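Asks: give me the fold of what follows.
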Amino acid sequence: MKNWSTDTKELEKDVEKLVIWKLEQLINFGLDGSKLKITDLKKYWNVINIDPSKRKFLATII
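Replies: Sure thing, here's the model as predicted:
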């Protein structure tokens, strides 16, 4: 995943924030060949900030 606007070194200090940030980035801006971890998605479902239409679609899958 390519990101130029976020200091990922700072995020790596807090693993939970890093996982949430990655989930949001992958869902909102494209997977770029990556796969989502369903366990992480379920765990942080109520925390992640994603597009409502994408949330509705993902809810049907999980």
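Asks: what's the lengthiest helix in the chain in contact with?
Replies: Longest helix in the chain, counting residues (DSSP state H): helix 15-29. Residues outside helix 15-29 that contact it (C-beta atoms under 8 Å, 6 or more residues apart in numbering) are 1, 3, 6, 8, 11-12, 32, 34, 36, 40-41, 44, 47-51, 54, 58. In this view, the C-beta of every residue, glycine as well, is placed from N, C-alpha and C.
Asks: repeat that with 10 Å
Replies: Contact partners of helix 15-29, identified using C-beta atoms under 10 Å, 6 or more residues apart in numbering, comprise 1-3, 6, 8, 10-12, 14, 31-32, 34-37, 40-41, 43-45, 47-51, 54-55, 57-58.
Asks: so which bits of it are buried?
Replies: Residues 19-27 are the ones in helix 15-29 that count as buried (16 or more other C-beta atoms under 10 Å).
Asks: make JSON lines from those and add distance to residue 62 and pLDDT to it.
Replies: Shown next, in JSON lines, are the buried residues of helix 15-29 (distance: C-beta to C-beta, whole Å; pLDDT from 0 to 100):
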{"residue": "19", "distance to residue 62": "16", "pLDDT": "91"}
{"residue": "20", "distance to residue 62": "16", "pLDDT": "93"}
{"residue": "21", "distance to residue 62": "20", "pLDDT": "91"}
{"residue": "22", "distance to residue 62": "17", "pLDDT": "89"}
{"residue": "23", "distance to residue 62": "12", "pLDDT": "91"}
{"residue": "24", "distance to residue 62": "16", "pLDDT": "91"}
{"residue": "25", "distance to residue 62": "19", "pLDDT": "88"}
{"residue": "26", "distance to residue 62": "15", "pLDDT": "88"}
{"residue": "27", "distance to residue 62": "12", "pLDDT": "90"}
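Asks: could you work out the most separated pair of these?
Replies: Across these, the longest distance by C-beta to C-beta is 12.5 Å; it joins 19 and 27.
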